[in-house]
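> Sequence and predicted structure are below.
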Number of protein chains: 2
Amino acid sequence: MKFCSECGNGIVVEVPKGDNRPRHVCPSCQTIHYHNPRIVAGTLPTYQGRILLCRRAIEPRQGYWTLPAGFMELGESVAEAAARETWEEAEARVNMGPLYTVINIPYIGQVHIFYLADIRDGEYGAGLESLESRLFAPEEIPWEALAFRSVKLTLEKYLDDRKLGVNALQSTEMTLEIPPEWKPSDSKSAPLDHLKTPS
Amino acid sequence: MKFCSECGNGIVVEVPKGDNRPRHVCPSCQTIHYHNPRIVAGTLPTYQGRILLCRRAIEPRQGYWTLPAGFMELGESVAEAAARETWEEAEARVNMGPLYTVINIPYIGQVHIFYLADIRDGEYGAGLESLESRLFAPEEIPWEALAFRSVKLTLEKYLDDRKLGVNALQSTEMTLEIPPEWKPSDSKSAPLDHLKTPS
């Protein structure tokens, strides 16, 4: 942030009175510009025991497989955002299940929230941001071609839980550390936390 | 938003190519400025069966009682934000329990997330944003002087669950509708969803 979005004046970085951390502050109109973490909402959609994944048509991680997910918008609930993304990316109508994983990614200022979901009629497709969608049996999951760490962790937990039975499908929260290969410059080109490209 | 925070040029509102909703777009440097919901993180801190509430020293809802909570910052997890706010507002060190309520407030673009928490040593105080803090037995909760709907709903659920026993303390998600007395202008002066002031 270089300019005030309210008055167009140049911005300074300083700790406002009564605050305890540096903010973007406008010395002209005094507006304090806060920047907060964003929510990425998605689902783990299943149909007759198989899991729906989409192959990404866009960067970051074009060509890699993901659970349908995207940035929560103003005016919707987290679950509504997850259902909307599932429709937009995988053209699947789902019955939303419980909140399942909350994955903090502090170094890129994101919280990924995934819900369990049942595909209503077994139908799915490829939205504008997907090359294709496909139902995978557990043993078919393309582990080496997954797009994001949060997707991998959510799938791993789900398959582990499922082995223990339906009652083991409890929600959990985790926090991701910075991966060794990550560079701050990635955060601009890659708005989602991505896995290292397999060599 | 009136000016581009990257280049200072005037902003237009339009649907960017490949998008499906209006955004703030800079016609000069082409930056698309997204605005997303914010997370308010807090705790329901208990000690020997009593619940810790803080009386607000600041607007909105100055003088009213609340659970310690505030906007999640960049660089922290949701649980870290909740623990930090509990320290800043109530000067209580807590052992964090499970995620408990997720309360969507779409009409002000917020998601309130509360955790159960145990106060470590029974000590608490009043941070800069609080006039005082106090432990309340369930029958002492000041229902008519609570600051926010999300606080009231979280307390109601907790007391209901507790009557059913420890195993009933399951997390839940809810979405708040616009209250009849709410005006869009409130969203600027009141960054948190507030209860109607009792008459």
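Yep, it's here.
> So the residue sitting nearest the centre point of chain A, which state does it fall into?
For chain A, the residue lying nearest the average C-alpha position, counting by CA atoms, centre = their mean, turns out to be A:Val40 (3.6 Å). Secondary structure of A:Val40, reduced to three states by DSSP: H, G, I helix; E, B strand; the rest coil: strand.
> Ramachandran coordinates for the spatially closest residue to it that is not a sequence neighbour?
Of all residues beyond its chain neighbours, the one nearest A:Val40 is A:His112 (4.6 Å), with distances taken as CB to CB, 6 or more residues apart in numbering or on different chains. For every residue, glycine as well, the C-beta is placed using N, CA and C. Geometry field for A:His112 lists phi and psi as phi -100, psi 130, criterion degrees, to the nearest 10.
> what comes up buried for stretch A:130-146?
Of all the residues in stretch A:130-146, those buried under the rule 16 or more other CB atoms under 10 Å in any protein chain shown are A:Ser130, A:Ser133, A:Arg134, A:Leu135, A:Ile141, A:Leu146.
> Mind putting those residues into TSV with distance to chain B, secondary structure and pLDDT?
Supplementary listing: the buried residues of stretch A:130-146 in TSV, determined by distance: CB to the nearest CB, whole Å; DSSP: H, G, I helix; E, B strand; the rest coil; pLDDT from 0 to 100:
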residue	distance to chain B	secondary structure	pLDDT
A:Ser130	13	strand	97
A:Ser133	19	strand	98
A:Arg134	23	strand	98
A:Leu135	26	strand	98
A:Ile141	27	coil	98
A:Leu146	22	strand	98
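> Farthest pair within those?
With CB to CB as the measure, no two of these lie farther apart than A:Ser130 and A:Ile141, at 16.9 Å.
> before we move on, the earlier item: the residue nearest to A:Val40 against A:Leu44, yeah?
No - taking CB atoms under 8 Å as the contact criterion, A:His112 and A:Leu44 are not neighbours in contact, 11.7 Å apart.
> Now for the two: what residues contact both?
Common neighbours of A:His112 and A:Leu44 (criterion: CB atoms under 8 Å, 6 or more residues apart in numbering or on different chains): none identified.
> Show me what from chain A comes close to chain B.
Taking CB under 8 Å from any CB of the partner chain as the test, the list of chain A residues beside chain B reads A:1-8, A:10-11, A:18, A:21, A:33-39, A:71-80, A:99, A:102, A:104, A:106-107, A:109, A:111, A:128, A:171, A:173, A:175.
> Try it again at 6 Å.
Chain A comes close to chain B at residues A:1, A:3, A:5, A:8, A:35-38, A:71-72, A:74-77, A:99, A:104, A:106, A:109, A:173, A:175, as judged by CB under 6 Å from any CB of the partner chain.
> now the helices for chain A?
All helices of chain A, identified by DSSP state H, fall at A:78-90, A:149-164, A:186-189.
> Tabulate the ones you listed (TSV), appending mean neighbour count.
Written out in TSV, the entries for these read as follows (neighbours: other CB atoms under 10 Å in any protein chain shown):
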stretch	mean neighbour count
helix A:78-90	23
helix A:149-164	18
helix A:186-189	12
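> Dump these into CSV; add mean pLDDT as well.
Formatted as CSV, the entries for these read as follows, by pLDDT from 0 to 100:
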stretch, mean pLDDT
helix A:78-90, 98
helix A:149-164, 96
helix A:186-189, 49
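> and the residue located most distally from the centre of chain A, backbone torsions?
Among the C-alpha atoms of chain A, the one farthest from their average position, using CA atoms, centre = their mean, is that of A:Ser28, at 36.6 Å. According to degrees, to the nearest 10, the main-chain angles of A:Ser28 amount to phi -90, psi -60.
> Do I have it right that it meets A:Ile11?
No - taking contacts as CB atoms under 6 Å, A:Ser28 lies outside contact range of A:Ile11: 9.6 Å.
> where are the low-confidence patches of chain A?
Across chain A, the stretches falling below the confidence threshold (pLDDT under 70) are A:184-199.
> At which residues are the strands of it located?
Taking DSSP state E as the criterion, chain A carries its strands at A:12-14, A:23-25, A:32-33, A:38-47, A:50-56, A:65-66, A:69-71, A:94-105, A:110-119, A:130-136, A:172-175.
> Turn the ones you listed into TSV, columns for distance to B:Pro60.
Listed next are these as TSV, based on distance: least, CB to CB, whole Å:
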stretch	distance to B:Pro60
strand A:12-14	25
strand A:23-25	20
strand A:32-33	16
strand A:38-47	23
strand A:50-56	41
strand A:65-66	39
strand A:69-71	27
strand A:94-105	27
strand A:110-119	24
strand A:130-136	42
strand A:172-175	29
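> Quick check: beta-bridge partners of A:Leu99?
Taking DSSP bridges, one finds A:Tyr115 as the beta-bridge partners of A:Leu99.
> Who are the contact partners of it?
The contact partners of A:Leu99, by CB atoms under 6 Å, 6 or more residues apart in numbering or on different chains, come to A:Tyr115, A:Ser171, B:Glu173.
> That one and B:Thr101, how far apart?
11 Å (CB to CB, to the nearest Å).
> Also A:Ile11?
For A:Ile11, the distance to B:Thr101 equals 36 Å [CB to CB].
> Kindly report the same for A:Ser77.
13 Å.
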